[in-house]
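S.K.: here's my sequence, what's the structure:
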Amino acid sequence: MNNTAKPIKTRELHNHHFDSTIWNELNFRDDDIVISTYAKSGTTWVQQIISQLLFNGEEGLEVAEMSPWLDLRVPPKEVKLPMVEAQTHRRFLKTHLPVDALTFSEKAKYIYIGRDGRDVLWSMFNHHSTANQAWYEALNDTPGRVGPAIEKPSGSITEYYHHWLDQDGHPWWSFWENIRSWWAIRNLPNVYFLHFENLKNDMPGEIRRLAEFLGTPIDEDKWESILRHCSFEYMKKNAAKSVPLGGAFWNGGAQTFIHKGTNGRWRDVLSAEDSYKYEHRAAQELDSKCASWLATGEISQG
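M.R.: Numbers count the residues shown, from 1 in each chain. Presented below is the predicted three-dimensional model:
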């Protein structure tokens, strides 16, 4: 028997990126899909996968427009909500919020994507260090920002890593509370846990399992097209379709946003001591099963 209680929203979260109040005003539909991650954990990849499942392997889908980051405060909710309400396809929305800052629907389907924090950080550094002036102006200079501006990164990636660990996700948001909040509701029937490493190792199998969870039968005649359109090579080549504003916020465009798609790049940079610092922090912040899943993608039984 599942004794996990439905999560209740207990706070709003605002910063240079977030305006969580938009979820309070969303009129949920029974078939909504919500894709959640900390950030840089495979969000864009899963958005592409879901678009392919919903639209039967169609090519050239404008995934970034079809699947908006709802709690991103630009454009403001007064602009974004009417656009979302006008969508006629099965909606698949994106969030980077912890559960306690999110309005939760018992009818919607939630997909949470996890990734080792060191891999997240390596991808985040690329995302942050290649952002251009238009990105900073959109986040820092538009009305509605709460709290300090996000500043340009300085120093090496190793310094960035230590700062992110020591300052609980700064200059972004807490990594640990995001994972803890979703882990606590992993057993709800409308919540599905997916891991970046498992997608890398067995994308066809993971897509089939995801399709079953979403209740979207796969057209076997389109299966090879679906797999091709979800490959890293295809997404990199066609990145402008899946990246916000076609990649206009990053030096090098959309292909900079979809960077490497690999794990373990930190192994050649971090010392054993540096790497252990992350593992020790994970053991402090998360229960042992959650920490193991985050590192390996495997959920132990019992």
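S.K.: what about stretch 69-88, average pLDDT?
M.R.: Stretch 69-88 carries an average pLDDT of 96.
S.K.: again with stretch 224-233
M.R.: Stretch 224-233 comes out at a mean pLDDT of 94.
S.K.: list the buried residues for that stretch?
M.R.: 226-227, 229-230 (16 or more other C-beta atoms under 10 Å). For glycine as for every other residue, the C-beta is placed from the backbone atoms N, C-alpha and C.
S.K.: in helices only, show me these.
M.R.: With DSSP state H as the criterion, helices contain 226-227, 229-230 from among the buried residues of stretch 224-233.
S.K.: format the buried residues of stretch 224-233 as TSV; extra columns: distance to H163.
M.R.: Shown next, in TSV, are the buried residues of stretch 224-233 (distance: C-beta to C-beta, whole Å):
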residue	distance to H163
I226	40
L227	39
H229	37
C230	34
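S.K.: quick one: low-confidence ranges for the stretch 1-150 of the chain?
M.R.: By pLDDT under 70, the low-scoring segments of the stretch 1-150 of the chain are 1-2.
S.K.: rerun that using 90 as the cut-off
M.R.: Along the stretch 1-150 of the chain, segments meeting pLDDT under 90 span 1-5, 60, 64, 127.
S.K.: strands along that one, start to end?
M.R.: With strands called from DSSP state E, counting those that start in this stretch, the stretch 1-150 of the chain shows them at 33-36, 92-95, 109-114.
S.K.: would you convert these into TSV that also reports distance to N27 and mean neighbour count?
M.R.: Output for these, formatted as TSV (distance: least, C-beta to C-beta, whole Å; neighbours: other C-beta atoms under 10 Å):
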stretch	distance to N27	mean neighbour count
strand 33-36	14	24
strand 92-95	12	22
strand 109-114	17	23
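S.K.: possible to save these as TSV with distance to M83?
M.R.: As requested, the strands of the stretch 1-150 of the chain are arranged in TSV below (distance: least, C-beta to C-beta, whole Å):
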stretch	distance to M83
strand 33-36	17
strand 92-95	11
strand 109-114	21
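S.K.: closest one to T21 among these?
M.R.: Using C-beta to C-beta as the measure, strand 92-95 is the one of those that comes nearest T21, at 12.9 Å.
S.K.: how many residues are close by the closest residue to R186 other than its chain neighbours?
M.R.: Distances taken as C-beta to C-beta, 6 or more residues apart in numbering put F193 closest to R186, at 5.4 Å, once the chain neighbours are dropped. A count of nearby residues for F193, using other C-beta atoms under 10 Å, gives 17.
S.K.: which of the helices or strands spans F193?
M.R.: Taking DSSP states H and E as the criterion, F193 maps to strand 191-195.
S.K.: now for the helix or strand following that strand, which elements pack on it?
M.R.: Sequence order places helix 196-201 as the next helix or strand after strand 191-195, per DSSP H and E. For helix 196-201, the elements it packs on are helix 43-54, judged by 3 or more C-beta pairs under 8 Å, 6 or more residues apart in numbering; DSSP states H and E.
S.K.: where's the helix it packs on relative to the chain centroid, distance-wise?
M.R.: 12 Å (C-alpha atoms, centre = their mean, to the nearest Å).
S.K.: put the alpha carbons of it into PDB.
M.R.: Extracted in PDB, the C-alpha atoms of helix 43-54 (Å, rounded to 0.1, in the frame of the first residue of the first chain):
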ATOM      1  CA  THR A  43      15.700  18.200 -19.200                       C
ATOM      2  CA  THR A  44      16.000  19.100 -22.900                       C
ATOM      3  CA  TRP A  45      16.600  15.500 -23.800                       C
ATOM      4  CA  VAL A  46      13.500  14.300 -22.000                       C
ATOM      5  CA  GLN A  47      11.400  17.100 -23.500                       C
ATOM      6  CA  GLN A  48      12.600  15.900 -27.000                       C
ATOM      7  CA  ILE A  49      11.700  12.300 -26.100                       C
ATOM      8  CA  ILE A  50       8.200  13.300 -24.900                       C
ATOM      9  CA  SER A  51       7.600  15.400 -28.000                       C
ATOM     10  CA  GLN A  52       8.500  12.400 -30.100                       C
ATOM     11  CA  LEU A  53       6.100  10.100 -28.200                       C
ATOM     12  CA  LEU A  54       3.300  12.500 -28.400                       C
END
